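Visitor: I need the structure of the sequence given here:
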Amino acid sequence: MPAPLLRPAPAGLLVFAVCALAGCTHIQPAPLASAGGRSDVNDRARTADATVVLADGERARARALHLAPDLATWTDPQTGAARSAPTADLLSVRFVDRARGGAEGAGLGLLAGAGVGLALSALVVASGDTGPLEPAEGAALITSAFGLIGAGVGAVGGLDRGSQAVYRPVPGAD
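Guide: Residues are numbered from 1 along each chain as shown. From the prediction side, this is the model:
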C-alpha cells in the first residue's frame with residue numbers, strides 16, 4: 001500500500017498554524033507627537049477614509065483626516081460637517097482596504113483549503129480507492145479543488161472584512 005502523502009493530523013496542524021499566524025489586521029504604533037508618526041497617518045488619509053476612536057469612546061468616520069501636532073481635523077463623510085479633536089485624544093485611527101483584504105483572504109483560503117484537500121487526498125490514497133485516476137492524479141485533483149474553494153471563500157470574507165491598518169499612539173512618546 002502506498003504511503004500517504006501527508007498524515008491527516010500534521011495537515012490539520014498546518015492549516016491551524018496558517019490560520020493562526022495570518023491576519024488581516026495590522027496594528028502600527030504611531031508616535032503622533034512626532035512629525036514622522038503623524039505623516040504616516042496623513043499620507044494614508046489622503047487616499048482613504050478612516051475611523052477615529054476618541055478618548056471619550058466616540059467612534060467617528062473621517063474623510064480628509066489631517067493630524068497636526070495639537071489638533072486632528074476631518075470631515076464627516078455622511079454629513080459633510082467639519083470635525084476636530086485634540087490629537088492627544090485619539091486612541092486609534094483605522095483604515096480599511098477591501099481589495100487588499102480580498103487578496104489576503106484568497107491567499108489564506110487557498111492555503112487552508114489546499115491543506116484540507118491534501119489531508120483528505122492522503123486518506124483517499126491510503127485507502128487505495130482513487131477510482132479511475134492514478135493516486136497522484138486523485139491527490140492533485142482533491143487538493144486543487146479544495147484550494148480553489150478555499151480561495152473563493154477567503155476572497156469573499158476578505159472583501160467583506162477588508163484588510164485593516166490600525167494606528168495607535170505610542171504611550172509616553174509625547
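Visitor: make it CA atoms for all contacts and neighbour counts henceforth
Guide: Fine.
Visitor: Strands of this structure, start to end?
Guide: Here the chain has its strands, by DSSP state E, at 25-30, 50-54, 59-67, 71-75, 82-86, 90-97, 163-169.
Visitor: what about the helices in the chain?
Guide: Counting by DSSP state H, the chain has these helices, from start to end: 8-21, 35-45, 98-127, 135-161.
Visitor: Deepest-packed of those, please.
Guide: Of those, the one with the most neighbours on average (mean count of other Cα atoms under 10 Å) is helix 98-127, at a mean of 23.
Visitor: circling back to that earlier point, just send the helices of the chain back as a markdown table, with distance to Q78 and mean pLDDT too.
Guide: Output for the helices of the chain, formatted as a markdown table (distance: least, Cα to Cα, whole Å; pLDDT from 0 to 100):
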| stretch | distance to Q78 | mean pLDDT |
| --- | --- | --- |
| helix 8-21 | 36 | 51 |
| helix 35-45 | 17 | 88 |
| helix 98-127 | 20 | 88 |
| helix 135-161 | 21 | 88 |
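Visitor: what number of residues lie near P31?
Guide: Here the number of neighbours of P31 (other Cα atoms under 10 Å) works out to 19.
Visitor: G37 is in contact with that one, correct?
Guide: Yes. Here P31 reaches G37: they are 4.7 Å apart, a contact under Cα atoms under 8 Å.
Visitor: Turn the strands of the chain into a markdown table, columns for distance to L141.
Guide: Compiled in a markdown table, the strands of the chain are given as follows (distance: least, Cα to Cα, whole Å):
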| stretch | distance to L141 |
| --- | --- |
| strand 25-30 | 33 |
| strand 50-54 | 43 |
| strand 59-67 | 46 |
| strand 71-75 | 52 |
| strand 82-86 | 56 |
| strand 90-97 | 33 |
| strand 163-169 | 31 |
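Visitor: Contact partners for the nearest residue to R61 once chain neighbours are set aside?
Guide: Once flanking residues are discounted, R61 sits nearest to T51: 4.5 Å by Cα to Cα, 6 or more residues apart in numbering. Neighbour list for T51: R59, A60, R61, A62, V93, R94, F95 [criterion: Cα atoms under 8 Å, 6 or more residues apart in numbering].
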